[in-house]
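Q: The sequence and its predicted three-dimensional model are supplied below.
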Amino acid sequence: MTSPRLVAFDLDDTLAPSKSAIDPRIGEQLLRLAERVEVAIISGGQLQQFRSQVVERLPEADAGLLAHIHLMPTCGTQYYRLTADGIETVYALSLTDDEKQRALAAVEEEAKRLGLWAEQTWGPILEDRGSQITFSALGQSAPLDAKTAWDPTGEKKNTLRDAVAARIPDLEVRSGGSTSVDITHRGIDKAYGMRKLAEQTGIPLDDMLFVGDRLDEHGNDYPVLAMGVTCHAVEGWEDTAAYLDELIPTLPAR
């Protein structure tokens, strides 16, 4: 690929620390990038995270520029665009009430059986994100150091994932962020999100670049690499910022 027409990013630990706001430097870089290519963010997180971590932290910009930013929460089962009037829904594909109830029951019961239901938490452990049920072992607002220490090898998450998957074989159960397990319709991962992005924008996957921090085989960014999209691995937002400093000047202005 000589020059990407679209650059997509994971959110937590790629554009910002987990559940935290982007640094002003990243906000400026995203707009500079949007002057040249389409910019997308694909994450297992819900829309409110995109809003508080990114959208509300972007420098002021005209609607024409913001229109080049694509938001894909819950791995692309929801898709939003930025407009002069705010965030506009393109589509949102929700789980049924029955699917949600079975997913919530399975993950809670298996977490308790495995001794992974924490007593000290920061916010809710279980969250209905419409198109995704998410288990966050320490709660949605747990501090970064506690989350990092909880499961450094990923063994706890993977054990829970396998146990829950056996309970609800009609749904997809995936290891998410540092302490989370996500449940969606089958076949939903970031590769699904990238395919939906190609459909919506008309830009072929061969002309896309993906930046993420979990491109290892068990990471939630790996499906994008496995599908053949050009990827760049980072280890935090500072890595991403340094990479964008190099990349942006090489991209032709729109």
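A: Looks like it arrived, so ask away.

Q: other SSEs contacting whichever helix or strand Ala106 is part of?
A: When elements are defined using DSSP states H and E, Ala106 is found to belong to helix 97-113. Under the contact definition 3 or more Cβ pairs under 8 Å, 6 or more residues apart in numbering; DSSP states H and E, helix 97-113 sits against strand 126-128, strand 133-136, helix 155-167, strand 171-175, strand 180-185. Just so you know, the C-beta spots here come from the backbone N, C-alpha and C atoms, and that holds for glycine as well.

Q: end to end, how far does stretch 132-147 reach?
A: In terms of Cα to Cα, to the nearest Å, the two terminal residues of stretch 132-147 are separated by 21 Å.

Q: May I see the buried residues of that stretch?
A: For stretch 132-147, the buried set under the neighbour-count rule, 16 or more other Cβ atoms under 10 Å, comprises 132-140, 142, 146-147.

Q: quick one, which residue of the chain lies the farthest from its center?
A: Seen from the C-alpha centroid of the chain, the residue lying at the greatest distance (Cα atoms, centre = their mean) is Arg113, 28.2 Å away.

Q: Contacts only, for that residue.
A: In this structure, Arg113 makes contact with Ala163, judged by Cβ atoms under 8 Å, 6 or more residues apart in numbering.

Q: Secondary structure of Arg214: a strand, I assume?
A: No - secondary structure assignment (DSSP: H, G, I helix; E, B strand; the rest coil) places Arg214 in coil, not in a strand.

Q: tell me the mean pLDDT over stretch 192-199?
A: With pLDDT averaged residue by residue, stretch 192-199 scores 94.

Q: contact partners of it?
A: Outside stretch 192-199, the residues within contact range by Cβ under 8 Å, 6+ apart are 6, 8, 40, 42, 70, 72, 75-77, 79, 203-205, 208, 210, 223-224, 227, 229.

Q: now stretch 50-63
A: Under Cβ under 8 Å, 6+ apart, the answer for stretch 50-63 is 11, 15-16, 19-22, 24, 27-28, 30-31, 34, 41, 43, 45, 66, 71, 73, 80, 82-84, 87.

Q: export it as CSV, just CAs?
A: Output of stretch 50-63 as CSV, limited to C-alpha atoms (Å, rounded to 0.1, in the frame of the first residue of the first chain):
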residue,chain,number,x,y,z
PHE,A,50,-16.2,7.6,22.4
ARG,A,51,-18.0,10.8,23.3
SER,A,52,-16.2,11.4,26.6
GLN,A,53,-12.8,10.1,25.6
VAL,A,54,-12.5,11.5,22.1
VAL,A,55,-15.4,13.6,20.6
GLU,A,56,-15.6,16.1,23.5
ARG,A,57,-11.8,16.4,23.6
LEU,A,58,-11.3,17.3,19.9
PRO,A,59,-10.2,20.8,19.1
GLU,A,60,-12.8,23.0,17.5
ALA,A,61,-13.2,22.1,13.8
ASP,A,62,-15.7,22.8,11.0
ALA,A,63,-18.4,20.2,10.2
